[in-house]
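**Q** Build me a structure from this.
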Amino acid sequence: MAAGIAFGLVLSLPGVATADPRPTLRQAKAKLEKLNDKADMVVERYNTATERYKKAKGTYTKLNESYQRKLKTVEDLRIQVINMAVDSYRLGGDVTSWRGFVSADRPEDFLARLALTGQMSQERAEKLAAFDRENRELKTERDKAQVALEAADKERDEVEKERSEIHKLIAEQKKLLKKLGAYNPGNPNSVGLKYTGPASGNAAAVLRFAFAQIGKPYVYGGTGPGGWDCSGLTQAAWRAAGVSLPRTTWQQWAWGQNRKVDVPGGLQPGDLIFSEGLGHVSIYAGNGQIVHAPQTGDVVKVVKLSAYGRRLVGAIRP
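**A** As a prediction, this is how the structure comes out:
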C-alpha cells in the first residue's frame, strides 16, 4: 500500500508526467492471461508425462516381479533335470549327455537332439519341455522389462524438463500477480462451502466434494488435499462419487468422447467443461456457475460461466 501511495504522490508532483496507468494495467492483465494459458498447457504436459512415467515404471515393476518368479521356476526345473540325470546314470544311462543339456547355452537345441535319439522317457520329455518353455518366457520377459525400464528413464527426463519450464512460468506468474496486487496464496486447510445447488445423485456428491475445496490454493500437479490443479480437482471430485477418471485434462476429454454434451444449452450439474485447447477443465455447478481450480496465484472458486473468460472447447458427462 505504501508503495502505491508513493507512486501516486510522484505522479502528482508538478512537472512530472502523469500518464494514465490504465493501459499499462490492461497490458499486464493481457500478458497474465496469455501466461496463464501457456502455464495450463505446460502443466498438462507435465501431468501427462508424469502419468506416462508412472505407467512405464509400473510395467517394469510387474515384469521384474515376474522375472524373479520365473527365475525360481527355472531353478526348480533345473534341479529336476539334474535329478533325472542322476536317475539315468544309476540305471546305466549316459550322464554326459544330461550334463551337456544342463550346461548348454541353448538347451532347447540339445533337447531336440535328445528327443530325436529316443533317449528320453515321456515323463522326462514333458519336464524338459516345461524347462524349455519357462526358459523362453524368461528371456522374453527380461527383454520386455529392459524396454520398460529404458522407457521409464526417458519419460523421467522429459518430466524434469517440463518441471523446469513450469518453475520458470510459475515464478513469472507470481511476480506479475503480486505486482498487480492479485496474488492469492489460499488456505490449504480451508473447509470450503456447502453446496446447495440443484444437483442430485452422483453429481451432488461431486459438487459437495468440489465446494468443500473452495479457498484451497491452485498448485500445479496438485491432487489434494491441500491444493489442486484443474484436472486433479475434477478427478478427485468424481472419485468421491465412485467414478474413476484419468488424471489429465487431455485424458479426461478422450475418456469422455462418447459422453459429450452441448455447451451451454445441454449442461447439467457435474458435467466437465473443457477450455483453452484442452488446457483447462472445470465442473458445472448449475445455475450458470462453475467450480474450478483456476491458475497459479488463485484458489478453488465458483464463478459464473458467462464471465468465465476462457475459450470453450466442449463438455462431457462422466
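
**Q** got any ranges where this protein has weak pLDDT?
**A** Where the chain drops to pLDDT under 70, the residues are 1-24, 74, 77-78, 80-125, 127-128.

**Q** Output the contacting helices and strands for the top strand by length along it.
**A** Secondary structure of the chain per DSSP state E: the longest strand is strand 280-286. Secondary-structure packing of strand 280-286 (3 or more Cβ pairs under 8 Å, 6 or more residues apart in numbering; DSSP states H and E): helix 201-212, helix 230-239, helix 249-255, strand 272-275, strand 289-292. For the C-beta atoms, the positions are set from N, CA and C on the backbone; glycine is no exception.

**Q** Spit out the contact partners of the residue nearest the centre of the chain.
**A** Taking Cα atoms, centre = their mean, the centroid of the chain lies closest to Glu51, which sits 2.9 Å from it. Counting by Cβ atoms under 8 Å, 6 or more residues apart in numbering, Glu51 makes contact with Pro246, Arg247, Thr248, Gln251.

**Q** By neighbour count, which of these wins?
**A** Within the contacts of Glu51, most neighbours by other Cβ atoms under 10 Å means Thr248, with 25 neighbours.

**Q** Which positions in stretch 295-306 come out as buried?
**A** For stretch 295-306, a neighbour-count test (16 or more other Cβ atoms under 10 Å) marks Gln295, Thr296, Gly297, Asp298, Val299, Val300, Lys301, Val302, Val303, Leu305 as buried.

**Q** same thing with stretch 207-224?
**A** 207-222, 224.

**Q** Check stretch 38-57 too.
**A** 38-53, 56-57.

**Q** Same question for stretch 274-281.
**A** For stretch 274-281, by 16+ other Cβ under 10 Å, it's Phe274, Ser275, Glu276, Leu278, Gly279, His280, Val281.

**Q** For that stretch, measure first residue to last.
**A** The first residue of stretch 274-281 is 4 Å away from its last residue (Cα to Cα, to the nearest Å).

**Q** which residues sit against that stretch?
**A** The contact list for stretch 274-281, computed with Cβ under 8 Å, 6+ apart, reads 37, 40-41, 43-44, 230-231, 234, 249-250, 252-253, 272-273, 282, 292, 308, 310-316.

**Q** In the protein, which helix is the longest?
**A** helix 22-90 (DSSP state H).

**Q** List the residues that contact the residue lying closest to Ser66 once chain neighbours are set aside.
**A** Once flanking residues are discounted, Ser66 sits nearest to Glu141: 5.4 Å by Cβ to Cβ, 6 or more residues apart in numbering. The contact partners of Glu141, taken as Cβ under 8 Å, 6+ apart, are Leu63, Ser66, Tyr67, Lys70.

**Q** surely the first one meets Thr140?
**A** No: between Leu63 and Thr140 no contact is recorded; they are 9.9 Å apart, counting by Cβ atoms under 8 Å.
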